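Undergrad: turn this into a structure:
(chains A and B)
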Protein chains: 2
Amino acid sequence: MPQRVCNFSAGPATLPYDVLEQTAKDVVDFQGLGMGLMEVSHRSKEFMAVVDRTEELLRELMQIPNGYKVLFLQGGASSQFFMVPMNLLSIGKKATYLNTGTWAKKAIKEAQLFGDIDVAYSSEADNFNRVPHQDEYTINEESEYLYFVSNNTIFGTQFQKFPETETLLISDMSSDILSRTIDVSKFSLIFAGAQKNLGPAGVTVVIIREDLLSRAQEAIPTMLKYSTHADKGSMFNTPPCIAISVVCRVLEWLKGIGGTDVIQQRNEQKSAIVYEVMDSGSYYRGHAAKDSRSHMNVSFNLPSPELEAQFIAEATDEGLHGLKGHRSIGGCRASIYNAFPIEGVQKLTHFMEMFAQKNPV
Amino acid sequence: MPQRVCNFSAGPATLPYDVLEQTAKDVVDFQGLGMGLMEVSHRSKEFMAVVDRTEELLRELMQIPNGYKVLFLQGGASSQFFMVPMNLLSIGKKATYLNTGTWAKKAIKEAQLFGDIDVAYSSEADNFNRVPHQDEYTINEESEYLYFVSNNTIFGTQFQKFPETETLLISDMSSDILSRTIDVSKFSLIFAGAQKNLGPAGVTVVIIREDLLSRAQEAIPTMLKYSTHADKGSMFNTPPCIAISVVCRVLEWLKGIGGTDVIQQRNEQKSAIVYEVMDSGSYYRGHAAKDSRSHMNVSFNLPSPELEAQFIAEATDEGLHGLKGHRSIGGCRASIYNAFPIEGVQKLTHFMEMFAQKNPV
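TA: Sure, this is the predicted structure:
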């Protein structure tokens, strides 16, 4: 095993090392077939079995009820920003969005191409430092769906309680899918780019209630209809085979350690260690309001931009990588997704304490 | 090195073994960074350098002139079927398509959602056994572009001479990009899914003349505009990092062996060996008309479907994999892309000769 750094990147992000080792073997020879994973036909029984197993694991781990389709698509979460309204918003109809960060805002922009978008809540004036409680917004009665981002990667906020609504509920869970146990039956559509908790960049998971598949207008390009991919088991065209295969291995790993109950506990424990250091003094100031804190991304500031730059540089020298905050808010950010080990979090908090002591203000 | 079979798959397809070995190393540890290729931030200087190098190599190998952008997108060639007309076809305007196979036909279907599509040529009545000469079709004067598929994977046909036209020329080169030296300046847009000659499934290359970037209507989703990706150097959203990285390694390999002049010679030599066996008797009947034969995919029939099934089964036992023809035409097909070695072709033709001797009709 090579020397591994602590990789706090927001995505692509750290993966279980076992998954990397297994994938490296797959790449040169897949299942002893005499060809590598990237060379095997997507219609071979061996690769089809990978797709089937990936779906089976996702269904088991998330307890996805019958009546939902699981799709593996390309184009990232950014493509879902338009595919959701393109497929689900009838012409001239309304949808309600909660504006809790950069990715919500981008989704709103795309949705506005398709319908009348009601932004029922926005924390933009406070630099997206929180997500709303249920009583802070009203869902327009004519709204076809409510859309929200469950975890805001950049600002380090997360819904600890999901919106409750009679209308269709749609969530971008790119940065916290499988990080906790949720009730999928409350949702009409969940999507997630893989590169945080699921695997590598290049595949997007969509979980969609089957009765929504027939909503899309006829005049939509074939590749952009959810029904196309649902009808063909995500094999309408050549899928991103290696990305799906790695997702499969990540899901096997998650199942092996005990599933979402176990990982939720670990994630809560990991983030608590960082928040405790932040709360023990005034040196590190968390960006998120306390009741909106994310277990996946911890965004924080130091007393000055100069100290932040020094912190990031010295941390890197200590093997703590990827702590620079997103360019849109600056500061620091520690992304500690499912596969990020608790030892790395302890190393970070130890470094934070030492740094604050050595560089008082 | 594991025992390798001869992989005649149509795509995903065989890749240079060196590329697989290098990628396996990248997967566990990328450039000694202490993280694997799939874990590295797409905005890290190390990964950005991979994207830059991939573009540089493609520009060098294809001699792409200034004034063209190179994009790395997701969604496969199937997404280009609608992105081309969505971006380039003004409302109510015409475009001309040559219907030379399954993928051309699918592209025509998507284009019809956007404009008035003039199908100037079709070989469908002859089960797509040929591509047209210049004098077999007329390009409508009002046509905004001429669209054709340079190589038809399923039917084993290929344009040996490209259409000449005053209008914009657009080509789906998914199955023969980089297989020969071409003059890019004759084209307005070239696209190719990677999984034949470029690398793994999951990334699509688009080469587009810069003056076409401003053609798209404002109301198109951001992710579907070529200009979005051109403006951001294919980093508007998280790209399929591992797929691009493998493409980079495949291009380094191609450059190392001498580029498109050398590979063109090899490809002509490889396909000639198979066609020679076919032409030496009446046992193997090529699907493609002689003047339309592909150097990439050789589709052929045996005297009966029973013999075809036996041929494919016995070939597989001999380590010759993936010879079954596409389900839409049946029979046999040998895909012999850039990375397919001449030794494998010789093994195939030896087997073909032995099989015909042992199973006379």
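Undergrad: going by C-alpha atoms from here, please, whenever you check contacts or count neighbours.
TA: Will do.
Undergrad: can you pull out the strands in chain A?
TA: Taking DSSP state E as the criterion, chain A carries its strands at A:6-7, A:68-73, A:94-99, A:116-122, A:143-149, A:151-152, A:157-158, A:168-172, A:189-193, A:204-209, A:285-286, A:297-301, A:320-321, A:332-335.
Undergrad: sheet partners, orientation included, of the fourth one?
TA: Taking DSSP bridges as the criterion, strand A:116-122 sits next to strand A:94-99 (parallel) in its sheet.
Undergrad: averaged over its residues, what pLDDT does the strand it pairs with have?
TA: Across strand A:94-99, pLDDT averages out at 98.
Undergrad: the lengthiest helix in chain A to strand A:297-301, inter-axis angle?
TA: For chain A, the helix reaching the highest residue count under DSSP state H is reported as helix A:259-279. On the basis of axes from the mean of the first three to the mean of the last three CA atoms, to 10 degrees, helix A:259-279 is oriented at 10 degrees to strand A:297-301.
Undergrad: residues touching A:L146, list them.
TA: A:L146 makes contact with A:95-98, A:139, A:165, A:167-170 under the criterion CA atoms under 8 Å, 6 or more residues apart in numbering or on different chains.
Undergrad: A:A289 too?
TA: By CA under 8 Å, 6+ apart, A:A289 lies in contact with A:129-130, A:157.
Undergrad: same thing but at 6 Å, please
TA: Residues near A:A289 by CA atoms under 6 Å, 6 or more residues apart in numbering or on different chains: A:129-130.
Undergrad: coming back round to it: most tightly packed of the strands of chain A?
TA: strand A:151-152 (a mean of 30; mean count of other CA atoms under 10 Å in any protein chain shown).
Undergrad: what strands flank that one, and is each parallel or antiparallel?
TA: strand A:157-158 (antiparallel).
Undergrad: what residues does the strand it pairs with touch?
TA: Outside strand A:157-158, the residues touching it (CA under 6 Å, 6+ apart) are A:130, A:150-151, A:288, A:292-294.
Undergrad: report the two of the residues you listed separated the most.
TA: Using CA to CA, the pair of those lying farthest apart is A:S150 and A:A288, separated by 14.2 Å.
Undergrad: higher neighbour count, those two?
TA: A:S150 (26 against 22; other CA atoms under 10 Å in any protein chain shown).
Undergrad: so who does that one touch?
TA: A:158-159, A:173.
Undergrad: in TSV, list the strands of chain A along with distance to A:E21.
TA: As requested, the strands of chain A are exported to TSV (distance: least, CA to CA, whole Å):
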stretch	distance to A:E21
strand A:6-7	17
strand A:68-73	23
strand A:94-99	40
strand A:116-122	43
strand A:143-149	33
strand A:151-152	30
strand A:157-158	32
strand A:168-172	30
strand A:189-193	22
strand A:204-209	23
strand A:285-286	36
strand A:297-301	26
strand A:320-321	21
strand A:332-335	23
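Undergrad: please name whichever of those is nearest to B:T181.
TA: Using CA to CA, the strands of chain A put strand A:68-73 closest to B:T181, at 33.4 Å.
Undergrad: quick check: mean pLDDT of the closest one?
TA: 98.
Undergrad: interface residues of the stretch 51-200 of chain A facing chain B?
TA: Proximity of the stretch 51-200 of chain A to chain B (CA under 6 Å from any CA of the partner chain) is limited to residues A:74-75, A:200.
Undergrad: which of those residues has the most neighbours?
TA: A:P200 (30 neighbours).
Undergrad: I figured that residue hits B:M38, correct?
TA: Yes - look at A:P200 against B:M38 with CA atoms under 6 Å: they come within range, at 5.4 Å.
Undergrad: tell me where the stretch 1-150 of chain A has helices.
TA: A:17-28, A:45-62, A:76-88, A:102-111 (DSSP state H, counting those that start in this stretch).
Undergrad: so which of these is the most surrounded?
TA: Taking mean count of other CA under 10 Å, helix A:76-88 is the most buried of the helices of the stretch 1-150 of chain A, at a mean of 24.
Undergrad: and the contacts of that helix?
TA: A:107, A:110-111, A:193, A:204, A:215-216.
Undergrad: among the residues you listed, pick out the one closest to chain B, please.
TA: Chain B lies nearest to A:E110 out of the contacts of helix A:76-88, by CA to the nearest CA, at 6.0 Å.
Undergrad: roughly how far apart are that closest one and B:P360?
TA: 63 Å (CA to CA, to the nearest Å).
Undergrad: may I see the residues of the stretch 51-200 of chain A next to chain B organised as JSON lines, with distance to A:K347 added?
TA: Putting these into JSON lines (distance: CA to CA, whole Å) gives the following:
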{"residue": "A:Q74", "distance to A:K347": "36"}
{"residue": "A:G75", "distance to A:K347": "35"}
{"residue": "A:P200", "distance to A:K347": "25"}
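Undergrad: show me chain A divided up by domain.
TA: Chain A is divided into the following domains under automatic domain parsing: A:18-256, A:258-358.
Undergrad: show the average pLDDT along the last one.
TA: Model confidence over domain A:258-358 averages 97 on the pLDDT scale.
Undergrad: which of the contacts of strand A:157-158 lies closest to A:T181?
TA: Distances from A:T181 to the contacts of strand A:157-158, taken by CA to CA, are shortest for A:S150, at 13.0 Å.
Undergrad: read off the pLDDT value for the closest one.
TA: Value listed for A:S150 in the pLDDT field: 98.
Undergrad: same question for A:A10.
TA: On the pLDDT scale, A:A10 gets 96.
Undergrad: what's the closest of the contacts of A:S150 to chain B?
TA: Nearest member of the contacts of A:S150 to chain B, counting by CA to the nearest CA, is A:M173, at 15.7 Å.
Undergrad: residue contacts, the closest one?
TA: A:150, A:191-192.
Undergrad: equivalent analysis for A:E144, please.
TA: A:94-95.
Undergrad: from chain B, how far off is it?
TA: 20 Å (CA to the nearest CA, to the nearest Å).
Undergrad: same deal with A:L20?
TA: A:L20 sits 5 Å away from chain B, taking CA to the nearest CA as the criterion.
Undergrad: distance of that residue relative to A:H229?
TA: Distance from A:L20 to A:H229, by CA to CA: 28 Å.
Undergrad: likewise A:S41?
TA: In terms of CA to CA, A:S41 sits 18 Å off from A:H229.
Undergrad: ok, these two, which is more surrounded?
TA: Set A:S41 next to A:H229 and count neighbours by other CA under 10 Å: A:S41 wins out with 24 against 21.
Undergrad: look up how far chain B lies from A:Q269.
TA: 23 Å.
Undergrad: for that residue, what are its contacts?
TA: For A:Q269, counting by CA under 6 Å, 6+ apart, there are no contacting residues.
Undergrad: A:R333 contacts A:L323, doesn't it?
TA: Yes - counting by CA under 6 Å, A:L323 is a contact partner of A:R333 at 5.1 Å.
Undergrad: near chain B, anything from stretch A:336-346?
TA: No - Stretch A:336-346 lies apart from chain B when judged by CA under 6 Å from any CA; the minimum separation is 10.9 Å.
Undergrad: in that stretch, what's buried?
TA: By neighbour count on 16 or more other CA atoms under 10 Å in any protein chain shown, the buried set for stretch A:336-346 is A:336-342, A:344-345.
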